[in-house]
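Asker: sequence first, then the predicted structure:
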Amino acid sequence: MGSFSIWHWLIVLVIVVLVFGTKKLKNIGQDLGGAVKGFKDGMKQGTADDASTSAPATRPDAIDVQAKEKV
(Lines give C-alpha, C1' and ligand atoms only; values in the text may rest on other atoms or scores of the structure.)
Protein backbone atom coordinates (compact mmCIF):
# COMPACT_ATOMS: atom_id res chain seq x y z
CA MET A 1 0.00 0.00 0.00
CA GLY A 2 2.83 2.35 -0.82
CA SER A 3 3.12 4.74 -3.72
CA PHE A 4 1.71 3.87 -7.12
CA SER A 5 3.99 2.80 -9.95
CA ILE A 6 3.89 4.16 -13.49
CA TRP A 7 1.80 1.16 -14.57
CA HIS A 8 -0.95 2.06 -12.09
CA TRP A 9 -1.11 5.62 -13.46
CA LEU A 10 -1.15 4.41 -17.07
CA ILE A 11 -4.07 2.06 -16.34
CA VAL A 12 -5.97 4.89 -14.63
CA LEU A 13 -5.27 7.18 -17.61
CA VAL A 14 -6.56 4.57 -20.08
CA ILE A 15 -9.73 4.07 -18.03
CA VAL A 16 -10.35 7.83 -17.84
CA VAL A 17 -9.88 8.20 -21.61
CA LEU A 18 -12.24 5.29 -22.25
CA VAL A 19 -14.91 6.69 -19.93
CA PHE A 20 -14.80 10.35 -20.94
CA GLY A 21 -13.35 10.23 -24.44
CA THR A 22 -10.61 12.43 -25.83
CA LYS A 23 -12.93 15.15 -27.14
CA LYS A 24 -14.54 15.74 -23.76
CA LEU A 25 -11.15 15.78 -22.03
CA LYS A 26 -9.90 18.30 -24.62
CA ASN A 27 -12.93 20.53 -23.96
CA ILE A 28 -12.40 20.31 -20.21
CA GLY A 29 -8.75 21.31 -20.70
CA GLN A 30 -9.69 24.28 -22.89
CA ASP A 31 -12.33 25.44 -20.40
CA LEU A 32 -9.88 25.19 -17.53
CA GLY A 33 -7.19 27.04 -19.50
CA GLY A 34 -9.67 29.79 -20.43
CA ALA A 35 -10.70 30.16 -16.80
CA VAL A 36 -7.09 30.49 -15.67
CA LYS A 37 -6.37 33.03 -18.42
CA GLY A 38 -9.45 35.04 -17.49
CA PHE A 39 -8.42 35.02 -13.84
CA LYS A 40 -4.91 36.25 -14.70
CA ASP A 41 -6.32 39.00 -16.93
CA GLY A 42 -8.70 40.05 -14.18
CA MET A 43 -5.87 40.23 -11.68
CA LYS A 44 -3.79 42.35 -14.08
CA GLN A 45 -6.76 44.62 -14.75
CA GLY A 46 -7.45 44.95 -11.03
CA THR A 47 -3.91 46.06 -10.30
CA ALA A 48 -3.98 48.44 -13.28
CA ASP A 49 -7.25 49.95 -12.02
CA ASP A 50 -5.73 50.42 -8.56
CA ALA A 51 -2.73 52.21 -10.05
CA SER A 52 -4.87 54.44 -12.25
CA THR A 53 -7.13 55.56 -9.39
CA SER A 54 -4.19 56.56 -7.23
CA ALA A 55 -2.57 58.72 -9.94
CA PRO A 56 -5.01 59.74 -12.67
CA ALA A 57 -3.34 60.49 -15.96
CA THR A 58 -4.67 63.54 -17.79
CA ARG A 59 -3.68 64.78 -21.18
CA PRO A 60 -3.28 68.53 -21.64
CA ASP A 61 -5.21 68.46 -24.93
CA ALA A 62 -8.15 66.42 -23.52
CA ILE A 63 -11.56 68.07 -23.37
CA ASP A 64 -13.78 67.46 -20.37
CA VAL A 65 -17.32 67.14 -21.72
CA GLN A 66 -20.38 66.73 -19.53
CA ALA A 67 -23.92 66.57 -20.87
CA LYS A 68 -26.29 68.91 -19.07
CA GLU A 69 -30.05 69.14 -19.39
CA LYS A 70 -31.63 72.42 -20.43
CA VAL A 71 -34.02 73.78 -17.88
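Answerer: Looks like it came in fine. Numbers count the residues shown, from 1 in each chain.

Asker: all helices for the protein, in order.
Answerer: Assigned by DSSP state H, the chain shows helices spanning 6-20, 22-54.

Asker: need those helices in CSV with mean pLDDT, can you?
Answerer: Below are the helices of the chain laid out as CSV (pLDDT from 0 to 100):
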stretch, mean pLDDT
helix 6-20, 91
helix 22-54, 83
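
Asker: now mean neighbour count too, for the ones you listed, in CSV please.
Answerer: In this view, the C-beta of every residue, glycine as well, is placed from N, C-alpha and C. Shown next, in CSV, are the helices of the chain (neighbours: other Cβ atoms under 10 Å):
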stretch, mean neighbour count
helix 6-20, 10
helix 22-54, 10
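
Asker: how close does residue 48 sit to residue 42?
Answerer: 11 Å (Cβ to Cβ, to the nearest Å).

Asker: again, but for residue 7
Answerer: According to Cβ to Cβ, residue 7 stands 41 Å off from residue 42.

Asker: from residue 20, how far off is residue 29?
Answerer: Distance, residue 29 to residue 20, using Cβ to Cβ: 11 Å.

Asker: typed the wrong thing, it's residue 30
Answerer: Distance from residue 30 to residue 20, counting by Cβ to Cβ: 14 Å.

Asker: again with residue 27
Answerer: Using Cβ to Cβ, one obtains 10 Å as the distance from residue 27 to residue 20.

Asker: and for residue 8?
Answerer: According to Cβ to Cβ, residue 8 and residue 20 sit 19 Å apart.

Asker: over to residue 21: give its phi and psi.
Answerer: phi 90, psi 150 (degrees, to the nearest 10).
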